[in-house]
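Trainee: coordinates for the following, if possible.
(2 chains)
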Amino acid sequence: MLAFDDVVILDDITLSIADRGITVVVGPSGAGKSMLLRLLNRLEVPTAGEVRFRGRPVADLDPLKLRRQVGMVFQRPAPFPGTVRDNLLVADPAADEDDLVAALRSGGLDARFLDRSADELSGGEAQRMCLARTLVTRPAVLLMDEPTSALDPDARVRLERTARRLAEAGRPLVWVTHDLDQCRRLADTVVVLIAGRVAGGEDRERFLAGELTEDEDEDDPEPDDAGEIGEPAHG
Amino acid sequence: MADAAIGWTGLVLSLLLVAVAVGLSIWQGLRLEKDMLWATGRALVQLLAVGYLLVFIVDKDTPVAFAWLWVVVMLGVAALTARRRAPEVPGITRLTLGATSASAALSLFVVFGLGVYPAVGRTIVPIAGMMIGNSIGSIVVASRRVIGELTDHRAEVEARLALGQPWQEASKPFVRSALRTALTSQIESTKAVGLVFLPGAMTGLILAGADPVDAVLVQAAIMYLILGCVATNVVVIGLGLTRTLFTPDHRLVRLARSAG
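Mentor: Prediction:
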């Protein structure tokens, strides 16, 4: 369970996330998807219950090491000042040129971007740089929080392809979205989250069939507005 | 210095200026007349009370411990004042108490420990008062700026935390920027002193009949002390507050938007 000031965001969640492929967490805005993701790398801690990573309670792990193992890409790209190279070096100041280029390529950008100013990138490029920046830490798992919601359709498709490549290369992904079409394109496994709970049975089927009206805008609210609780274990 | 005393008649005459302010307020429909009269009366009562207490404290026969006790009371009042001015800042009372105590200890050590002034009631109370009084504004500005920066840049801070940076690293660029802002105004006013305005201590000394050059020396020493004091306060508040805004497991707590 996860609650803020007595407002329950996530409740009664027992979930095991596969250690391969792409797991898509889908649900309407405010369902708590972002918060569920933030529980997984300990940007939030459950009010009650436990999160485990590969069998070990995350509360027992060093949070900084855990976050390097469980990388996260946020809904809106947050470039740091300086060049793309400066950004990647924040993730690992000891990374050499080869590491940086490899991370950049895995994120779908080529080496020429290294000396570009991070402020001048397009939305899609900035989001790819943020993905590459996360990849510099060599995470075992990637969390993607509606990473394409601020991107145009072309950039969206490119990022989805990149995600698929990463998953096929052995890096499991958890991808949050409220977009059912994106869920269908990407998901190896689907978790439907509605009103802070994992939906099963008829509710799940109806949501996936697009029969439940989504009372939402195209953009999800800020991650802070949503929340999740529970006992998910991924890995 | 007898010619500097204005006496009760002079005080009553100076109330003419309050009457002018009240008249302007009525003329312009500002509805601030009551406030002005209340402030005028309150200031007079407070100052008179302090004045009579000071007569006792600065008396040569009064033990200097009373002056230090007065300093402790001022530290407490400063902390409560900061809380009233910035209630949205978590732990502001405790932080202010810590910061002003640190800066007062430092500056009073320089002034009295190194013998700039003799440590007697006549010097301890006004100097500590100026140090502490000037600290409140910078503490409020610094704490609001720290919260404002971390609120405005929450996404970037969390992106850094998500890369495995500890909170000290993740918050550094934003705390630094907040501290710079808080300190810059004090540096600017130090630069402008004498050109744009004549500061209080110097004005008071000149009005009281002191030689202007002597007054300037006193004022310069006080300005440097205030600058050192403000810098100490701002840094103590910045680091102390930032520490309370992150959990031990490197998460940024939820912050009130109003603080900015």
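Trainee: can you pull the contacts of B:Ser135?
Mentor: By C-beta atoms under 8 Å, 6 or more residues apart in numbering or on different chains, B:Ser135 lies in contact with B:Ala78, B:Ala99, B:Thr100, B:Ser103, B:Ala104, B:Cys229, B:Val230, B:Asn233. From N, CA and C alone the C-beta is placed, and that goes for glycine too.
Trainee: check A:Gln127 too.
Mentor: Residues in contact with A:Gln127 (C-beta under 8 Å, 6+ apart) are A:Val73, A:Pro77, A:Pro147, A:Thr148, A:Ala150, A:Leu151, A:Ala155, A:Leu159.
Trainee: narrow those residues to those in strands?
Mentor: A:Val73 (DSSP state E).
Trainee: can you say which of the contacts of A:Gln127 are buried?
Mentor: Using 16 or more other C-beta atoms under 10 Å in any protein chain shown as the burial test, the contacts of A:Gln127 include A:Val73, A:Pro77, A:Pro147, A:Thr148, A:Ala150, A:Leu151, A:Ala155, A:Leu159 as buried.
Trainee: just the contacts of A:Gln127: which has the poorest pLDDT?
Mentor: Least confident by pLDDT among these: that is A:Ala150, with 84.
Trainee: rewinding a little: any chance of JSON lines for the contacts of A:Gln127, columns distance to A:Leu186?
Mentor: Below are these laid out as JSON lines (distance: C-beta to C-beta, whole Å):
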{"residue": "A:Val73", "distance to A:Leu186": "14"}
{"residue": "A:Pro77", "distance to A:Leu186": "19"}
{"residue": "A:Pro147", "distance to A:Leu186": "11"}
{"residue": "A:Thr148", "distance to A:Leu186": "10"}
{"residue": "A:Ala150", "distance to A:Leu186": "17"}
{"residue": "A:Leu151", "distance to A:Leu186": "14"}
{"residue": "A:Ala155", "distance to A:Leu186": "15"}
{"residue": "A:Leu159", "distance to A:Leu186": "10"}
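Trainee: JSON lines for the contacts of A:Gln127, including distance to chain B?
Mentor: Converted to JSON lines, those look like this (distance: C-beta to the nearest C-beta, whole Å):
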{"residue": "A:Val73", "distance to chain B": "9"}
{"residue": "A:Pro77", "distance to chain B": "9"}
{"residue": "A:Pro147", "distance to chain B": "12"}
{"residue": "A:Thr148", "distance to chain B": "17"}
{"residue": "A:Ala150", "distance to chain B": "12"}
{"residue": "A:Leu151", "distance to chain B": "16"}
{"residue": "A:Ala155", "distance to chain B": "19"}
{"residue": "A:Leu159", "distance to chain B": "17"}
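Trainee: quick check: which ranges of the stretch 101-250 of chain B have low pLDDT?
Mentor: Within the stretch 101-250 of chain B, the ranges that satisfy pLDDT under 70 run B:196-197.
Trainee: which residues of it lie near chain A?
Mentor: Where the stretch 101-250 of chain B comes near chain A, counting by C-beta under 8 Å from any C-beta of the partner chain, the residues are B:154-156, B:158-166, B:173, B:249-250.
Trainee: only whichever of these are buried, select them in ChimeraX.
Mentor: In ChimeraX syntax, the buried subset of those is picked out as below (16+ other C-beta under 10 Å):
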select /B:154,155,156,158,159,160,161,162,163,164,165,173,249,250
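Trainee: among the residues of the stretch 101-250 of chain B next to chain A, list the two that are farthest apart in space.
Mentor: Maximum pairwise distance among those (C-beta to C-beta): 21.4 Å, between B:Pro173 and B:Asp249.
Trainee: sort out for me which of the buried ones among the contacts of A:Gln127 are in helices.
Mentor: In this view, the buried ones among the contacts of A:Gln127 that belong to helices under DSSP state H are A:Ala155, A:Leu159.
Trainee: return the residues in contact with the residue nearest to the spatial centre of chain A.
Mentor: When C-alpha atoms, centre = their mean is applied to chain A, the residue found nearest the centroid is A:Met144 (1.8 Å). Shown in contact with A:Met144 (C-beta under 8 Å, 6+ apart): A:Met72, A:Val73, A:Ala163, A:Leu173, A:Val174, A:Trp175, A:Val176.
Trainee: residues touching the second one, list them.
Mentor: This points to A:Val73. A:Gln127, A:Cys130, A:Leu131, A:Thr134, A:Leu142, A:Leu143, A:Met144, A:Asp145, A:Pro147 are the contacts of A:Val73 under C-beta under 8 Å, 6+ apart.
Trainee: check the fifth one too.
Mentor: Listed by C-beta under 8 Å, 6+ apart, the contact set of A:Val174 reads A:Ile17, A:Ile22, A:Thr23, A:Val24, A:Val25, A:Leu37, A:Leu40, A:Val141, A:Leu142, A:Leu143, A:Met144, A:His234.
Trainee: one more time with 7 Å
Mentor: A:Ile17, A:Thr23, A:Val25, A:Leu37, A:Leu40, A:Leu143, A:His234 (C-beta atoms under 7 Å, 6 or more residues apart in numbering or on different chains).
Trainee: among the residues you listed, name the least confidently predicted one.
Mentor: A:His234 (45).
Trainee: A:Glu160 and A:Arg185 touch, don't they?
Mentor: Yes. Between A:Glu160 and A:Arg185 there is a contact at 6.2 Å, judged by C-beta atoms under 7 Å.
Trainee: name the element A:Leu193 belongs to?
Mentor: strand A:189-194 (DSSP states H and E).
Trainee: ok, back up a step: would JSON lines of the contacts of A:Met144 with secondary structure be doable?
Mentor: Formatted as JSON lines, the contacts of A:Met144 follow (DSSP: H, G, I helix; E, B strand; the rest coil):
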{"residue": "A:Met72", "secondary structure": "strand"}
{"residue": "A:Val73", "secondary structure": "strand"}
{"residue": "A:Ala163", "secondary structure": "helix"}
{"residue": "A:Leu173", "secondary structure": "strand"}
{"residue": "A:Val174", "secondary structure": "strand"}
{"residue": "A:Trp175", "secondary structure": "strand"}
{"residue": "A:Val176", "secondary structure": "strand"}
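Trainee: for the helix or strand encompassing B:Gly228, name the packing helices and strands.
Mentor: Secondary structure assigned from DSSP H and E places B:Gly228 in helix B:212-245. Helix B:212-245 makes packing contacts with helix B:92-108, helix B:121-152, helix B:167-192, helix B:200-207 when contacts are defined by 3 or more C-beta pairs under 7 Å, 6 or more residues apart in numbering or on different chains; DSSP states H and E.
Trainee: show me what the helix or strand following the longest one is in contact with.
Mentor: Read in the C-terminal direction, the helix or strand following helix B:121-152 is helix B:154-162, with elements assigned using DSSP H and E. Identification of contacts with helix B:154-162 by C-beta under 7 Å, 6+ apart yields A:41, A:43, A:67, A:72, A:74, A:76, A:78, A:80, A:90, B:150, B:167, B:169-171, B:174, B:250, B:252.
Trainee: for ChimeraX, what selects the buried ones among those residues?
Mentor: Buried residues within these, by 16+ other C-beta under 10 Å, are selected in ChimeraX with:
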select /A:41,43,67,72,74,76,78,80,90 /B:150,167,170,171,174,250,252
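Trainee: quick one, helices of chain A?
Mentor: Using DSSP H, helices in chain A cover A:33-40, A:63-69, A:84-91, A:97-106, A:123-135, A:153-168, A:180-186, A:201-208.
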